[in-house]
Every structure is written in structure tokens, then in C-alpha cells.
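One predicted model, sequence on top.
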Amino acid sequence: MTYRMILNETSYFGAGSINSLVDEIKKRGFRKALIVTDADLIKYNVVAKITDILQQADLAYSIYDKVIPNPTIEVVQQGVAAFKQADADYLIAVGGGSPQDTSKAIGIIINNPEFADVRSLEGGAETKNKSVPMIAIPTTAGTAAEVTINYVITDIEKKRKFVCYDPHDIPIVAIIDSDMMSSMPASLKAATGVDALTHAIEGYITKGAWELSDMLHLKAIEIIGRALRLSVKGVQAGMDDMALGQYIAGMGFSNVGLGLVHGMAHPLGAFYGTAHGVANAVLLPHIMAYNAEYTGEKYRHIAAALGVSNMNDVPISMARKAAIDAVFQLNSDVGIPASLREVGMLEADIDALAEAALADICTGGNPREAHLDDIKQLYRSIY
């Protein structure tokens, strides 16, 4: 069996690490950046933390701030046009998963123009050229897009989200600075934090998991389990740990895949614009229960990583319940909604949602094979 690990070239960690940006730009000889972000990050002066640094160093940039949650084909295509108009030669992605994903698609299309329709990037598109160089600066502690080869785009016309994975799209530099995440409201810290936990847990139990990815995912579960509540309360140590924990989870799942939680979350984003982290968070403990008997001893390790004591001394059925209960409790503690009704799902759409979830590329990695009727019942039971 052959396993593959792909990681980004250089990463910086810690509060204040954003100050590494100028040295990286200069030593690589970049000329002009297109900063890809969203209007809220402009409004709340988060992007100003970057532009101030660039201005002080006399480094040129333009800004594309039209990114929206669950970025669409049209947002990507507008970004491609903005890159060309700016006469840029590299990208700086500032934001959560949406600006990061948009940047990846822009960078790939600029150097592989035959994929300009965007839809043809779905799955493992056989691009020939590496993306335009991209520096990823996350402002949320959840998606780990700065270290993954994955991105997700929404097709409004077909009411679906599609996953792209391409070794050519990975950022060359990532700067994981908790100061850049400090403006997140508590609700966003909670949603993105459980999104990161979902990456770690699904990555740990997915069909493609192996020893190296298991090591990363278990450590990520441990860090997130101890840090998320503190982060939501605004404790600096918790925010620092969440920035690291979500990155470690990304190192793993990017290389082994995910499962049914993501498969069922993507249609919620496509149908209703549901925030991806919120959708994952609501689904996670329920899908854990669905998968429990197909995970061997792994829930015992998950429970222990989440701080449940004496897991070595109990039957596996109790350990599995403990792991699931720990995630339910964490969700409750950080204010995650308890049902899909609360995040806008319509019961009348269950059949269409289930068909989309079954077709989603992430669903194939689930440790338990999911059938259409199973997915319909899961949506109903969580509704």
C-alpha cells in the first residue's frame, strides 16, 4: 500500500507571526499581490492589518473583496478577472475558508485557463501547472484551508457544492497568527472550532486513514477538546491552541479524506447558504453515532483525547457512547444549535438533500457505507 502526504512549503505560527509576511514576499521576488477577501473583513479593519504592513514595506497590491460565504462559480470567475486587471503575480488570501477556497480556484485557473468554467475543476482535475503563488492568512480557526489541497465551490444553478482536490493548489506560505483571528465573534469561534473537530474526527475514522494521519488527528482532537471552550470565551491561550489544532487536523484530512458529515453538510450550504462550520457541528455527533460500530477501537481513543477518563477499562460500547456524548456536550457548551431546523433546513427538501449528499465525494470515505434511505433518515432524525 502506498500513502501520500502533501503539505504546504512554509508555515509560521504564533501571535505576531504576520510580521513574517514582508520577508517572504521579498525573498521570493513577488511584484504585486491580489488580496482576496470579503467585505466584512474590510469593514472591520482585519485586512488593514495586512495592507498596513504592505504599505510600510512599499509593496504593491490590489484588493478583491467580493467573496461570499459558500463562494460561487461567479465569485471565482470575477476573481480571475480581478487578478488579470490588477496585473498581479501572486495571491494573498485573507479570511476563513471562503476566501481561501476562492483564491485556490483563481490561482489554478490563471495558470490553467482551460478550466475557466470552474465546474471542470470538480474532483481531481488533471491540471498541468501549479497555481499562481498563494500566501494564506486565515482569520478563523477551523477550515485549515491554508494547509490542504482541497477547496469547495457552490454551483447556484444546480444547487450543489462540489469539492476540488489538487496538489497544484496548495499555498506556498501559510501564516497562522491568532491575532488575525481575534475579531471573530464567539458564535463563529464555536462553529469553526467544531468544524476543525469534525475534520479531525472524520479524518481519524475515514477509510483512507493510516498511522501518520492518525497521529495528527488524535493530537488535533486533544488540542481542540481542551481549547475550544476557552477560545469561545476569548482566552488567549485557547485561541492560540485552536489556531494550531485546526492546522494539525488539516495536515491529516487533506491527505486521507473525510466522510458523511461533510457529505451531508455540503448540500445544506448549497440549498440554504448554511455556514459550513455550523452544518458540520450540528451533524457531527449524530453521524458519529451512525458510524460507531464501524470504527473498531477508535472511539475509545477519541473519548480519551477529549478528556474522558478511564477509557481503557470500559467495554467498547461504553467508550463509543462516551466519545459521542463528549461531542454533544462540547456542542452544547459552545452554543451550537441542536437541530437542522434551527439552521434553516426544510423538511420538504430531505429527498433532494439526501441525493446530493450521497453523490458528494466526501461520503465515499465514510467508514460505514451510507445508502440513500439511511441519509434521508439521518436528515429527518436531526431535523
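Noted; the coordinates are in hand.

switch to C-alpha atoms for all contacts and neighbour counts from now on
Noted.

mind giving me the domain split of the chain?
Dividing the chain into domains by the TED database, as the record does, gives the ranges 10-180, 186-382.

Just give me the neighbour total for residue 330.
Applying other CA atoms under 10 Å, we find 19 residues neighbouring residue 330.

Assign it to helix, strand or coil.
Assigned by DSSP: H, G, I helix; E, B strand; the rest coil, the conformation of residue 330 is helix.

which residues sit in contact with it?
In this structure, residue 330 makes contact with 225, 229, judged by CA atoms under 8 Å, 6 or more residues apart in numbering.

before we move on, the earlier item: among the domains of the chain, single out whichever gets nearest to residue 4.
Residue 4 lies closest, by CA to CA, to one member of these: domain 186-382, at 6.8 Å.

So for the closest one, first residue to last residue, what's the gap.
The straight-line separation of the ends of domain 186-382 (CA to CA, to the nearest Å) is 24 Å.

Stretch 342-352 now?
End-to-end distance of stretch 342-352 (CA to CA): 19 Å.

Residue 208 and residue 292, how far apart?
Plainly put, residue 208 is 17 Å away from residue 292 if you go by CA to CA.

quick one: which of these two has more around it?
Set residue 208 next to residue 292 and count neighbours by other CA under 10 Å: residue 292 wins out with 23 against 17.

give me the number of residues near the residue nearest to that one when sequence neighbours are not counted?
Computed as CA to CA, 6 or more residues apart in numbering, the closest residue to residue 292 that is not its neighbour in sequence is residue 320, at 6.4 Å. A total of 27 residues lie near residue 320 under the criterion other CA under 10 Å.

pLDDT score assigned to residue 320?
Predicted confidence (pLDDT) at residue 320: the value is 97.

any idea which helix or strand carries residue 161?
For residue 161, the element it lies in under DSSP states H and E is strand 160-165.

isn't the residue nearest to residue 292 right up against residue 296?
No: counting by CA atoms under 8 Å, no contact exists between residue 320 and residue 296, whose distance comes to 9.5 Å.

would you say residue 198 is within a helix?
Yes: when the secondary structure is assigned by three-state DSSP, residue 198 falls within a helix.

I'd like the numbering to begin with 208 instead of 1 from here.
Got it, first residue is 208 now, which makes that one residue 405.

Find the nearest non-adjacent residue to the spatially most central residue of the chain, please.
Compute the mean C-alpha point of the chain, and by CA atoms, centre = their mean the closest residue is residue 350, 2.3 Å away. Closest residue to residue 350 apart from its sequence neighbours, by CA to CA, 6+ apart: residue 304 at 5.5 Å.

residues touching that neighbour, list them.
Listed by CA under 8 Å, 6+ apart, the contact partners of residue 304 are 345, 347, 350-352.

Mind picking the two most distant members of those?
347 and 352 (10.2 Å).

and residue 489, how many residues sit next to it?
The burial count assigned to residue 489 is 26, neighbours taken as other CA under 10 Å.
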